[in-house]
Each structure stands twice: as C-alpha cells, then as structure tokens.
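Asks: starting from these lines, generate the structure:
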Amino acid sequence: MWDTRRVTRPPSPPDDERVVVALDLPDATAALRLVERIGPATRFYKVGLELFCAAQARPVLDELAERGARVFCDLKLWDVPATVRRAAARLAEGGADLLSVHADPPTVAAAVEAAGSERVLAVTVLTSMGPADLAAAGYAATDPAELALRRARAALEAGAGGLVASGREAARLRSELGGGFRLVTPGIRSGRDRPVGDDQVRTVTAAEAIAAGADQVVVGRPVRDATDPQAAVAALRVEVAAALRGTAPLRGSSG
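Replies: Presented below is the predicted three-dimensional model:
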C-alpha cells in the first residue's frame, strides 16, 4: 500500500521549471521557433505525439539539450510490459527528464524498471474526459475524481514517481496520497477565453492548479497561440508565484 507517512515530498521545481510549455507543433522548425520566441521564460518543455509521429522529435530534443532545457516526453505509453520497458529505456537514453505512461500498474512497473521512478509520470484521467466519456469507454467508475484517485494510488504503489492529473482532482490527491510524488497538471486555461475547438473539459487556471497542490503546469494552446509567447509564459509564472504565496485570485472569486 502507498504509505503517505513514509514518503517525503520530492524537491520543489525551480521557478523557471514550474511552467512546462507543450511543443504541440507539426515539425521541428515550428517547435524550435516557439522555443526561440519564449527565450528564458521557461526551461521545461513537453514533446509529444505530434512531433514523434512526424519523425521530428530528435532535432527538438537535441536542441533543447544544447540549451540546457529539460524535457517531458509525453507519449502516454500503454502496451504490453515488455514493449513499454523497451520504449521507456529508449526515451530515457534519448534525454527525457520525465516520461508519461497510463496509470496501469504493470505498465508503470515496466517503465520504472527501465527509466527509474523519478522519471515516470502516470496519467490518471485525461482532462478531455468527463463522466459521459468514461461511461462510454466502459469504466465502472464514471466520476473523474474517484477514478483519478483509484488509478493514482495504484500507479504510486507500482512505483511511479509522479502523476499527471487535472487541477480539479489535485487537492484530493494531495489530501489522500500525501506529498511524496510530483504532480503535473495539464488543461490550463485562463477562465476567460477558450481556444476555438477546445476539447479540454476539466480545466483550471494555473493559480488554481498550484493552489490545489500541483508542482508544475503544462500549457499548450494559451502559449502556442499567443501573440507574444514569452509574455504569456512570464504572466503564467507571475500567476504561479502568487499562488505559491497564497495571494493569487482564483477563478470564481471576488478578488
């Protein structure tokens, strides 16, 4: 069983690693152009399925390494354990500081064996899924918060060093499971303008995610589509810092 009393919380990320920018772009040229525009505002980036499937991930990973940036390879691995073990080993060898797998215990255990616990983040429930989506997918538990907690506990018991979860579930995960893991929250929105065609349903602001216990937030479209991506990241860092101090206004508050 996951024992919250015996596991100490990992070191807090430095300020310039709290906001992880998702390089969800079609090719290396576009991805590295965004990195250039962001400049020193962050040193943590997510490289996901789009660049890997376009065979464009390698030059991006190499350039990020040259810049001293850190990388979250977000491929959400889920396959037979032998395949996951080999894939996780290749990602670790290729420079992934973090990698994601689905919160299936054999999958988590295989990735941990190959890449080490500190690199492995287990995805609980995708932020694009609500109760109706979970029911349609055949899950017995259709409350995202209940399912996220169940899957999170199983993943941590299997050795995961961290979790990927919506900010809507973050506070409960911290309350039930303690502080002995990294918590990364995607689905970050401002609470005002939503991108056209947005498929995220369980969204929070950066301040809400951090206040609920997230260590890092992953931000894609609000930065990628911004007129000034560096300014967008800088504003998110200010919001995160205020939340850490307990002074950030939360969505729906009167502040």
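Asks: just the strands in the protein please.
Replies: Using DSSP state E, the strands of the chain run over residues 19-22, 44-48, 70-77, 98-102, 120-123, 162-164, 182-185, 216-219.
Asks: in a markdown table: those, plus distance to residue 156, mean pLDDT and mean neighbour count.
Replies: Yep, even glycine has a C-beta here, placed from its N, CA and C like the rest. Below are those laid out as a markdown table (distance: least, C-beta to C-beta, whole Å; pLDDT from 0 to 100; neighbours: other C-beta atoms under 10 Å):
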| stretch | distance to residue 156 | mean pLDDT | mean neighbour count |
| --- | --- | --- | --- |
| strand 19-22 | 21 | 98 | 26 |
| strand 44-48 | 22 | 98 | 23 |
| strand 70-77 | 17 | 98 | 22 |
| strand 98-102 | 13 | 98 | 25 |
| strand 120-123 | 8 | 98 | 28 |
| strand 162-164 | 7 | 97 | 28 |
| strand 182-185 | 11 | 96 | 26 |
| strand 216-219 | 17 | 96 | 25 |
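Asks: among those strands, single out whichever gets nearest to residue 210.
Replies: strand 216-219 (7.0 Å; C-beta to C-beta).
Asks: which residues touch the closest one?
Replies: Residues outside strand 216-219 that contact it (C-beta atoms under 8 Å, 6 or more residues apart in numbering) are 13, 17-22, 44, 46, 72, 74, 167, 182-186, 188, 206, 209-210, 233, 236, 240.
Asks: can you pull the contacts of the residue nearest to residue 123 when sequence neighbours are not counted?
Replies: Distances taken as C-beta to C-beta, 6 or more residues apart in numbering place residue 164 nearest to residue 123, at 4.5 Å, with adjacent residues excluded. By C-beta under 8 Å, 6+ apart, the contact list for residue 164 reads 100, 121, 122, 123, 124, 184, 185, 186.
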